[in-house]
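>>> let's see this in three dimensions:
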Amino acid sequence: MTPKTEAAGRSRRRGAELDEALLHAAWAVLVESGYSGFTYDAIAARAHTSRAVLYRRWPHRRQMLERTLHRFWEPIETPDTGSLREDAITLLRTVNRARADLMTVVTQRLADYFRETGSTPAELRQTLGVAERDDAFETIVDRAVARGELDRAPSTDRIVHLPLDLLRHDLMLRVAADTDETITEIVDRVWLPLLRVDTGTAPRSA
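Have a look, this model is predicted:
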C-alpha cells in the first residue's frame, strides 16, 4: 500500500470507528508518556490525524483524558458461581487482569494531572462515574446471604469491599498484577474469617 493510499484509507474513518482509533491512540500515548506527554500533537501523530479532529471532540486536554480513561475503565461482570468463595476469587482474578495496567497509569502516569487539578484518584473515579460501579462485592455478599452461606449481611460496607480495597492497594504499590496466591490469601486468610466473625456465621464443613 502506497503512502497516498494509506492516507486515503485513514481519511475515510468516520464516527465510532474514528473515535475508537483516537481513544486507542490517546491511551497509548498516556501509557508511554504520562500526562505531561498527553498532548494534542502526540495523540494526533499517533492516530495519523490532525489536531483539529481532536479539538472538535475534546476542546480541553482534561476532557480528552477523562474520555480516554472512561473508555478503558470498562465495567467488570459480577460472577455467579453459586459459592461465596469462588465468586470472590473469580472477581478478584478478573479485576487483577483487567485493572493492573490502569492502576499503573493512575498511580504513575497521572501524577502531573493530580498536581495540576488538585484532585485525588478517588475524585477522578467520581468524575468518570466509575465509583458507582463498585457494587460487585455487595451483590456477591447479598447472594451468599440469600443462599444461607452467611447468617446475615456484614455490619459495615468496609468489610464487604475489603477484598477489592486490598487488591487495589497491592496493584498501586506493586505497579503490577498480583499473584494468584495473594488473591487466594486475601479471600481465605483475611476476608472469609472476618466475615464469619462479623456475621456470626459458623464455618461450613467441606
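
>>> low-confidence regions, the protein specifically.
For the chain, the stretches flagged by pLDDT under 70 are 1-14, 131-134, 204-206.

>>> which residues of it fall in strands?
Listed from the start of the chain, the chain has no strands (DSSP state E) to report.

>>> could you chop it up by domain?
Listed by automatic domain parsing, the domain ranges of the chain are 3-70, 75-199.

>>> now the first one: how far from the chain's centre is it?
Put simply, domain 3-70 sits 21 Å off its chain's centre (Cα atoms, centre = their mean, to the nearest Å).

>>> one more: stretch 91-101?
Centre to centre, stretch against its chain (Cα atoms, centre = their mean), the figure for stretch 91-101 is 8 Å.

>>> buried stuff in that stretch?
91, 92, 93, 95, 96, 99, 100, 101 (16 or more other Cβ atoms under 10 Å). For glycine as for every other residue, the C-beta is placed from the backbone atoms N, C-alpha and C.

>>> pretty sure the fourth one sits against residue 166.
No. In this structure, residue 95 sits apart from residue 166 without contact. The criterion is Cβ atoms under 8 Å, and the distance is 11.1 Å.

>>> how about the helices in the protein?
Listed in chain order, the helices of the chain (DSSP state H) span residues 3-11, 15-33, 40-47, 51-57, 61-72, 84-104, 111-117, 121-128, 136-147, 157-160, 162-174, 180-185, 192-199.

>>> what lies in contact with the last one?
I take that to be helix 192-199. By Cβ atoms under 8 Å, 6 or more residues apart in numbering, the list of residues contacting helix 192-199 from outside reads 84-85, 88, 141, 150-155, 159, 162, 201-203.

>>> which of those residues count as buried?
The buried subset of the contacts of helix 192-199 - by 16+ other Cβ under 10 Å - is 84, 85, 88, 141, 150, 153, 154, 159, 162, 201.
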